[in-house]
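Enquirer: The following block contains a protein sequence and its predicted model.
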Amino acid sequence: MIATWYALVSLMLIIYVVLDGRNFGAGMLHWLAAKTPEERRQVVAAIGPLWSWHEVWLVGFGGTLVAVFPRLMASAFAGYYLALFLILWCLILRGISIEVGGHIDDRLWQGFWDFVFVFSNFLLAILFGAAAGNVGRGVPLDAEGNFSMAFFSNFGVRGYVGLLDWYTVSVAIFAVVILAAHGATYLSLKTEGPVHDRSAVWAKYLWPAAVPLFIAISIESLVVRPDVPRHAISNPFCWLGMLIVVGAIIALISGLSTRRETRAFVGSSALVVGLLVTGAAAIFPVMLYSTIAPGNSLTAHGVASSHSTLLLASFWWPVGFALATTYFVFISRRYAGKVSVKRDTQGFY
Amino acid sequence: MNSTISDPAFWSRFQFGFTLTYHYLFPQLTMGLAWFLVYWKWRALRTGNEEYNRAVRFWAKIFGLNFAIGVVTGIPMEFQFGTNWASFTRYSGGVIGQTLAMESMFAFFLESAFIGALIWGEKRLGPRYHFVAALGVALGSWLSGFFILVTNAFMQHPVGYRSEANGQLGIASLSGYLLNPWAFVQFTHNQMAALVTGSFVVAAVGAFYVLRGLHPTQAKLYLRGGTFVALIASFLVAFPTGDQQAKMVGKHQPVTLAAMEGRFAGGRMAGVAVIGQPNVAARRLDNPIEVPGALSFLAYGTFASYVHGLEEYPVDAWPDNIELLYYSFHLMITLGTIFIVLMGYASFQNWRGRLMSSPWLLWVLMLAFPFPYIANTVGWMTAELGRQPWLVYGLFHTRDGYSKVVSSGDTIFTLIGFIGLYIVVGLLFLYLEGREIAHGPEEEIVPGGGAVAGNRQVLVPSPAELVANRKAESLV
């Protein structure tokens, strides 16, 4: 039961990262892939009317976490206090920049909101990347399961660590590159004309750039958490994640080289999913590792709600998830195809 | 107040109160406005009258910006359960997390899947799906209100829970938790209040256009629909929903009722103060002018009913800001009474066909729209200050709920950040909505001709006419 809920909560977060990750990526490439005001409206229209729907996956993840792993929510959110508020403020700025940028047809106005849009998306990719690094590396949990962490301490990965160190910064850089590549693949699927051509070029450069970074953080992860592979090897979900990664890479390469954009985007999304599935499965059952004393680590079993509470949640939760999937099908069909700034007036009032 | 200014709990309360009060300025409009959009969209489908589609297009833009700011200011609310109220989350997450998660799964997904389609998708979707989008958004927004009010109702009147072996709360009965009688009363009261805000805003924009002589057909649609819904909703806010809410407080939180009225001594024939200032140090209400027996009647059904006074309870069981609670409650009921009178008069004038030619009344309607926001805010302050000193009434103290690892310094830092950011967002919002309203609904396109200011001879039945006033009249 607890393992199932761990999988479901991870699934919600993974769906969020895949869906909003492409928006982070498109946002980071906003200035590079789109040069004129009309081209930039195209990028906004591609993120389009669905950014709030994507953010709901994060909200749903948070709500489900409160219900099934309340003690993890309590420890982690209080401990990551300042970092989380930075994420919140960036999410606020990003949403505002999408909504208000097109309200006024003026160069200065749109230029300013374009800046906010690029800046907040870039920072979000870094922050979520660093957050993933922190979950992997662990935090200085005390015996009561609490921690409080500065932005940086000595940049080391043992003992009283800070939010940023060489490992979490590497993961953040990797996240920026891979999400930018994901966003470029998405933009080339959804746009036409110069934005499409530039995005396709960016995708061709960014994906290969992610490979050495991936090898680097894989080696770093082994150094930081040498205990993980022993559990991971016996976890079938880890193998499943790797299988998805392999399939995704094949789809991505074939899609990019034959200009089949849908296939490339499916591959790109699956790659992000596969990496996160592998990671989430590898650290299970530890949800938050203690860098002070491994015995203080918070495991899924230790932080879960009671069995009866979990059981109750598993009656209604699948219904909600099925509904969300239905909306997803509706949305995908309604918004399929290239965006056209004339028809999709998103951003234009 | 129990919590002093150096206390981390004080700053976490301040931050939650600030961010929540600000956040709720936006959903209260969207929850109220949503049903106007559904109604107009439905009328457009049924009658084929393009005026209704014009109204939807215009209000969908107002709705969209409100919705977006509601989303981005709402996400911090959920995060703060973990960041600032970790001990509370640890204690009660197994219970309140159920509805927080349900809110996302059943309400937010629905609402946000259709919002883009509602605002930008008319051409992609066609009229029928566009109506479905409006309905989806309206249902989603009210469902999210329901789930969050169940969560709050649990904090006001905990039911359906059990204490687990490790001292935390778990669900004993999901139906008991979801069907909390307090939640039902609070939900209906709150949703009517949201309709009051929505309809006052619709009426105010209509009055603004009539006074300026702009968009006459649209203006009449807004003004008539707005005043009619506002009258019904203002009445329902007071009775039966507000009345039932007061009875609920009297039954389950008698000490809160005493504090809301500034009653220090208990007794029969308890009055409702029209004017008066609570003096907590001297334990009396200064300069009181009371309606005798009114509180006894409202709370317990007879004038002779006994209403408890604060002095019957230990001081540490009193709500910790009696003055603010007292004023919040009185401001809410004063404003609520004025709303009924104002909208009653406006609907009467409309029935007589004199609403459009009463500039004074139109001025009042135009300037009245901020007051439902104030009434909603002080209403929530009454609920939340009245719950103190408990986080979960009778089970868990507010002073035990905050995150022990987060210092006052951290919280003040983020509070300053929120204040700065929200001032910018607020100014931006006012500027853009003002611009949108000044710009107005799109011009009418006369077939074969150019755009005109919208003074064609068309018959536009308003909601008011349909229900209250059957006489057809030609709108010029």
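Expert: That came through, no problem. Numbering: from 1, shown residues only, chains lettered A, B, ... in the order given.
Enquirer: Does the residue nearest to residue A:166 when sequence neighbours are not counted belong to a helix, a strand or coil?
Expert: Leaving aside its sequence neighbours, residue A:166 sits nearest to residue A:155 (C-beta to C-beta, 6 or more residues apart in numbering or on different chains; 5.9 Å). In this view, the C-beta of every residue, glycine as well, is placed from N, C-alpha and C. What DSSP: H, G, I helix; E, B strand; the rest coil gives for residue A:155 is coil.
Enquirer: Wait, residue A:155 touches residue A:162, no?
Expert: Yes - using C-beta atoms under 8 Å, residue A:155 is in contact with residue A:162, at 7.3 Å.
Enquirer: Next up, the contacts around the residue nearest to residue A:166.
Expert: Going by C-beta atoms under 8 Å, 6 or more residues apart in numbering or on different chains, residue A:155 touches A:162, A:164-166.
Enquirer: Of the residues you listed, which belong to helices?
Expert: residue A:166 (DSSP state H).
Enquirer: Return the residues of the stretch 101-250 of chain B in contact with chain A.
Expert: Residues of the stretch 101-250 of chain B lying close to chain A by C-beta under 8 Å from any C-beta of the partner chain are B:101-106, B:108-110, B:112-113, B:115-117, B:119-121, B:123-125, B:129, B:164, B:168, B:170-171, B:174.
Enquirer: buried subset of those residues?
Expert: Applying 16 or more other C-beta atoms under 10 Å in any protein chain shown to these, the neighbour count classes B:101-106, B:108-110, B:112-113, B:115-117, B:119-121, B:125, B:129, B:168, B:170-171, B:174 as buried.
Enquirer: Quick check: the residue of chain A nearest chain B.
Expert: residue A:49 (1.9 Å; C-beta to the nearest C-beta).
Enquirer: Quick check: that residue vs residue B:121, distance?
Expert: With the distance defined as C-beta to C-beta, to the nearest Å, residue A:49 ends up 7 Å from residue B:121.
Enquirer: From the contact counts, what lies against the lowest-mean-pLDDT helix or strand in chain A?
Expert: Least confident helix or strand of chain A, by mean pLDDT, DSSP states H and E, is helix A:228-233 with a mean of 81. If you count contacts as 3 or more C-beta pairs under 8 Å, 6 or more residues apart in numbering or on different chains; DSSP states H and E, helix A:228-233 packs onto helix A:193-224, helix A:261-283.
Enquirer: Could you check the pLDDT of residue B:471?
Expert: At residue B:471, the model reports a pLDDT of 37.
Enquirer: that older thread, dump the helices and strands packed on helix A:228-233 into CSV; add distance to chain B as well.
Expert: Below are the helices and strands packed on helix A:228-233 laid out as CSV (distance: least, C-beta to the nearest C-beta, whole Å):
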stretch, distance to chain B
helix A:193-224, 19
helix A:261-283, 19
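Enquirer: Quickly compare the ones you listed and say which is most buried.
Expert: Highest mean neighbour count among the helices and strands packed on helix A:228-233 (mean count of other C-beta atoms under 10 Å in any protein chain shown): helix A:261-283, with a mean of 21.
Enquirer: The helix or strand just after that one vs chain B: in contact?
Expert: Sequence order places strand A:286-288 as the next helix or strand after helix A:261-283, per DSSP states H and E. No - Strand A:286-288 lies out of reach of chain B by C-beta under 8 Å from any C-beta, never closer than 12.7 Å.
Enquirer: as a whole number, average confidence for strand A:286-288?
Expert: Mean predicted lDDT for strand A:286-288 stands at 85.
Enquirer: For that strand, what is the distance to the chain centroid?
Expert: Counting by C-alpha atoms, centre = their mean, to the nearest Å, strand A:286-288 is centred 18 Å from the centre of its parent chain.
Enquirer: Could you list every helix and strand in contact with it?
Expert: Partner elements for strand A:286-288 (3+ C-beta pairs under 8 Å, 6+ apart): helix A:70-79, strand A:298-299, helix A:300-303.
Enquirer: so of the ones you listed, which one's packed in deepest?
Expert: Of those, helix A:70-79 is the most buried (mean count of other C-beta under 10 Å), at a mean of 26.
Enquirer: Can you name the next helix or strand after the strand or helix carrying residue A:44?
Expert: Per DSSP H and E, residue A:44 falls inside helix A:37-47. Counting by DSSP H and E, the next helix or strand C-terminal to helix A:37-47 is helix A:51-68.
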